[in-house]
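>>> I'd like to go over a predicted model; first the sequence, then the structure.
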Amino acid sequence: MTVIHEPAAFGTHQVENQPPPLSGFDPLACDPALGSALTRYAVGDLTGLAREAGSEEAREHGRLANEHPPQLRTHDRYGNRIDEVEFHPSWHWLMSRAIAHGLHAAPWTQGPGAHLRRAAGFYLWSQVEPGHSCPISMTYSAVPALRYNPELAAEYVPKLAATGYEFGLRPPAEKSALLAGMSMTEKQGGSDVRANTTTAERLADGTYRLVGHKWFTSAPMNDVFLTLAQTPGGLSCFLVPRVLPDGSRNGIRLQRLKDKLGNKSNASAEIEYTGAIGHLIGEEGRGVRCIIEMVSMTRLDCVLGSAANIRIALSEAAHHVQHRSAFGERLVDLPLMQNVLADLALESEAATTLAMRLAAAVEQGEHDLLRLALPAAKFYVCKRAPAVVAEALECLGGNGYVEESGMPRLYREAPLMSIWEGSGNVTALDLIRALAKQPSTRDALEAELAAASGANSHYDAALHRLRTELDSPAPERARALAELLALTLQTSLLLRHAPTHVAESFATTRLGPATRTFGATPIPNPRTLVDRIAPTR
């Protein structure tokens, strides 16, 4: 083989004007909104978790888990049905670290403040890689539903809360730690779970035999699943284990894995119940009541996950503009780029502040406030994520459009949270139902919003518009109501807890006569906002 030696005089690969990798940074140190919330709610120290989340090791595992997505193995080499999913080692690393940090069901067995700490940790750790957050979230969310069957809760909750990771299919009784999943939707109904056709037949020993087809089951290698099926008493909720006590596989057949837009590291399966054994949770016919407890908690994680996706996209953009120059100046010194980044920073601060307020409401049992605030936040914050990530990606120019930057992965992930646990119309209409059925929810909302009344003219005008919408909620106005409710909540929180220039800028750009394009409305002193959120190492 002939080797061509290129003279040094003709070398072309001296790399200049490129930012260093964003690794080894502390995502908490550059997140004043989260830092303020941790102080406000007296959450313990999360420095160790944060630094691990920003480490080169963690970020590389996040990349590898997506470069090597899970693979379905329906049969072994001899033709035996096994229904297993193989994951890359980086997936297991991410899962084990998330569980070790207590981001799954651990708070349900811990003392005061555990849910808030978990929410902040989940937000930070989701910035590493969001796909594995799905089984972590479902395990957390399963506990309130399980408590409708005290015997099942006593058996399973301690293992769901255990801080160990035991991958593999074995009977739950033989494991010291378990993971839970959810299997609700069917192809003929989607979010309309009452259209489900899966049936459950009661057996002599009190268990049920399930037969049916489920369209989406995320993390199908988890140990137990909450699922819905029709019984003589109506739609009911069941706990279905993957492995039966005798070690045999339950009748759960993995038909295929979904080829999704994003969320590539996480396996989402289409399954069939072929006589699967399940345990009734709650009463026959009350399945929606049980499962809604799980849905509420996963909706919280949708808001936290979207806020996390917004935040890491902002970090990537802010890091890039600090080190990249164009037209003789660093990008961060260009006034228009400052305005764009400042606008994205406002969006991130508002999303994070609202997400942590919702977590505080869970911690404090503010059910009436959550009944309105949670679906509104889920609707709005999750819809803002794709727009924010797209704008952040553009800050990197062509570099942001290539896979190596990591930005395309964030962009593909962004729409998911808006779809999961009820798409936009479903969550917006949920507000209308809550107002009709539970008038006390409005009182709780009014009390929350009144705390900032009189602090800003844009806010006061928006609050008046919101009250008009609340007086006569109509289905065709549900989206407008959800958006306005979320924006007023965000503005109220910022007016009370953020620096004046942050709160006033948000109120002006979101509630005043502003344009809808990021960076198009002038923001006073934008550089101060950019410096406030820029990552440092």
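Perfect, thanks for sending it. Predicted model only: the values in this text are computed from it and were never measured. Residues are numbered from 1 along each chain as shown.
>>> now do the buried residues in the helix ranked longest in the chain.
Taking DSSP state H as the criterion, the chain has its longest helix at helix 287-323. Going by neighbour count (16 or more other CB atoms under 10 Å), the buried part of helix 287-323 is 287-288, 290-322. All C-beta atoms are positioned from the backbone trio N, CA, C, and that covers glycine.
>>> residue contacts, the nearest residue to residue 232 once chain neighbours are set aside?
Closest residue to residue 232 apart from its sequence neighbours, by CB to CB, 6 or more residues apart in numbering: residue 284 at 6.9 Å. The contact partners of residue 284, by CB atoms under 8 Å, 6 or more residues apart in numbering, come to 231, 232, 233, 234, 236.
>>> cool, and residue 424?
By CB under 8 Å, 6+ apart, residue 424 lies in contact with 379, 383, 418, 479.
>>> pLDDT weak spots in the chain?
Residue ranges of the chain with pLDDT under 70: 1-11, 515.
>>> now the helices for the stretch 51-200 of the chain?
Here the stretch 51-200 of the chain has its helices, by DSSP state H, counting those that start in this stretch, at 56-67, 89-100, 114-126, 133-146, 150-161.
>>> within the helices and strands, which one has the residue nearest to residue 480 when sequence neighbours are not counted?
Among residues not flanking residue 480 along the chain, residue 469 sits closest, at 6.8 Å (CB to CB, 6+ apart). Assigned by DSSP states H and E, residue 469 belongs to helix 457-471.
>>> next one: that helix to chain centre, how far?
Distance, stretch centre to chain centre, for helix 457-471: 29 Å (CA atoms, centre = their mean, to the nearest Å).
>>> likewise for stretch 283-303?
How far stretch 283-303 lies from its chain's middle: 16 Å, per CA atoms, centre = their mean.
>>> could you export that stretch as PDB, CA atoms only?
Taking Å, rounded to 0.1, in the frame of the first residue of the first chain, the C-alpha atoms of stretch 283-303 are listed here in PDB:
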ATOM      1  CA  GLU A 283     -63.100  -2.500  41.800                       C
ATOM      2  CA  GLU A 284     -64.500  -3.800  38.500                       C
ATOM      3  CA  GLY A 285     -65.700  -1.000  36.400                       C
ATOM      4  CA  ARG A 286     -63.500   1.600  38.100                       C
ATOM      5  CA  GLY A 287     -60.400   1.100  36.000                       C
ATOM      6  CA  VAL A 288     -60.200   4.700  34.800                       C
ATOM      7  CA  ARG A 289     -60.300   6.000  38.300                       C
ATOM      8  CA  CYS A 290     -57.300   3.800  39.200                       C
ATOM      9  CA  ILE A 291     -55.300   4.500  36.100                       C
ATOM     10  CA  ILE A 292     -55.800   8.200  36.200                       C
ATOM     11  CA  GLU A 293     -53.700   8.300  39.400                       C
ATOM     12  CA  MET A 294     -50.800   7.000  37.300                       C
ATOM     13  CA  VAL A 295     -51.600   9.300  34.500                       C
ATOM     14  CA  SER A 296     -51.500  12.400  36.700                       C
ATOM     15  CA  MET A 297     -48.000  11.500  37.900                       C
ATOM     16  CA  THR A 298     -46.700  10.800  34.400                       C
ATOM     17  CA  ARG A 299     -48.100  14.100  33.300                       C
ATOM     18  CA  LEU A 300     -46.000  15.800  35.900                       C
ATOM     19  CA  ASP A 301     -43.000  14.000  34.500                       C
ATOM     20  CA  CYS A 302     -44.000  15.100  31.000                       C
ATOM     21  CA  VAL A 303     -43.800  18.700  32.200                       C
END
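>>> element containing the residue nearest to residue 232, please.
In the assignment (DSSP H and E), residue 284 maps to no helix and no strand.
>>> could you pull up phi and psi at it?
Main-chain torsions, residue 284, degrees, to the nearest 10: phi -60, psi 140.
>>> what segments of this protein are strands?
Assigned by DSSP state E, the chain shows strands spanning 71-75, 81-86, 180-183, 199-202, 208-218, 224-231, 234-241, 252-257, 268-281, 325-326, 329-330.
>>> just say which of those is most tucked in.
Neighbour counts (mean count of other CB atoms under 10 Å) averaged over each of the strands of the chain peak at strand 180-183, with a mean of 27.
>>> pairing partners for that one, with directions?
strand 224-231 (parallel) (DSSP bridges).
>>> now the angle from the partner strand to helix 133-146?
For strand 224-231 against helix 133-146, the angle by axes from the mean of the first three to the mean of the last three CA atoms, to 10 degrees is 50 degrees.
>>> chain center to strand 224-231: distance?
23 Å.
>>> can you give me the angle it makes with helix 287-323?
Calculated by the same axes, to 10 degrees, strand 224-231 forms an angle of 140 degrees with helix 287-323.
>>> ok, back up a step: looking at the helices of the stretch 51-200 of the chain, spot the one closest to residue 523.
Taking CB to CB, helix 114-126 is the member of the helices of the stretch 51-200 of the chain nearest to residue 523, at 24.7 Å.
>>> still on that earlier bit, make TSV out of the contacts of residue 424 and add distance to residue 448 and neighbour count.
TSV is the format used below for those (distance: CB to CB, whole Å; neighbours: other CB atoms under 10 Å):
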residue	distance to residue 448	neighbour count
379	17	31
383	22	21
418	24	22
479	21	18
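>>> need the max-distance pair from those residues.
418 and 479 (12.1 Å).
>>> okay, and the common contacts of those two?
Here residue 418 and residue 479 have 379, 424 as joint contacts, going by CB under 8 Å, 6+ apart.
>>> picking that back up, closest to residue 120 out of the strands of the chain?
With respect to residue 120, and counting by CB to CB, the nearest of those is strand 180-183 at 22.0 Å.
>>> so who does the most centrally placed residue in the chain touch?
Geometric centre of the chain, nearest residue: residue 305, 2.7 Å, by CA atoms, centre = their mean. Residues in contact with residue 305, defined by CB under 8 Å, 6+ apart, are 122, 123, 126, 130, 133, 137, 417.
>>> and with 10 Å instead?
Listed by CB atoms under 10 Å, 6 or more residues apart in numbering, the contact set of residue 305 reads 122-123, 126-127, 130, 133-134, 137, 298, 355, 381-382, 385, 413-414, 416-417, 420.
>>> equivalent analysis for residue 225, please.
Applying CB under 10 Å, 6+ apart to residue 225 gives the contacts 138, 142, 179-184, 214, 217-219, 238-242, 250, 252, 271, 273, 276, 278.
>>> hmm, try it at 8 Å
180, 181, 182, 183, 217, 239, 240, 241, 242, 252.
>>> any chance of these in TSV with distance to residue 492 as columns?
Output for these, formatted as TSV (distance: CB to CB, whole Å):
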residue	distance to residue 492
180	35
181	36
182	32
183	38
217	38
239	40
240	42
241	45
242	45
252	46
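>>> from these, pick the one nearest residue 461.
Nearest to residue 461 among those, with distances taken as CB to CB, is residue 182, at 41.0 Å.
>>> quick check: the gap between that closest one and residue 135.
To residue 135, residue 182 is 10 Å away according to CB to CB, to the nearest Å.
>>> same check, this time on residue 507
In terms of CB to CB, residue 507 sits 38 Å off from residue 135.
>>> between the two, point out the one with more neighbours.
residue 507 (28 against 25; other CB atoms under 10 Å).
>>> my read: that one touches residue 491, true?
Yes: counting by CB atoms under 8 Å, residue 491 is a contact partner of residue 507 at 5.1 Å.
>>> mutual contacts of these two, please.
Common neighbours of residue 507 and residue 491 (criterion: CB under 8 Å, 6+ apart): 456, 458, 459.
>>> of these, which is the most crowded?
In the shared contacts of residue 507 and residue 491, the most neighbours by other CB under 10 Å go to residue 459, 26 neighbours.
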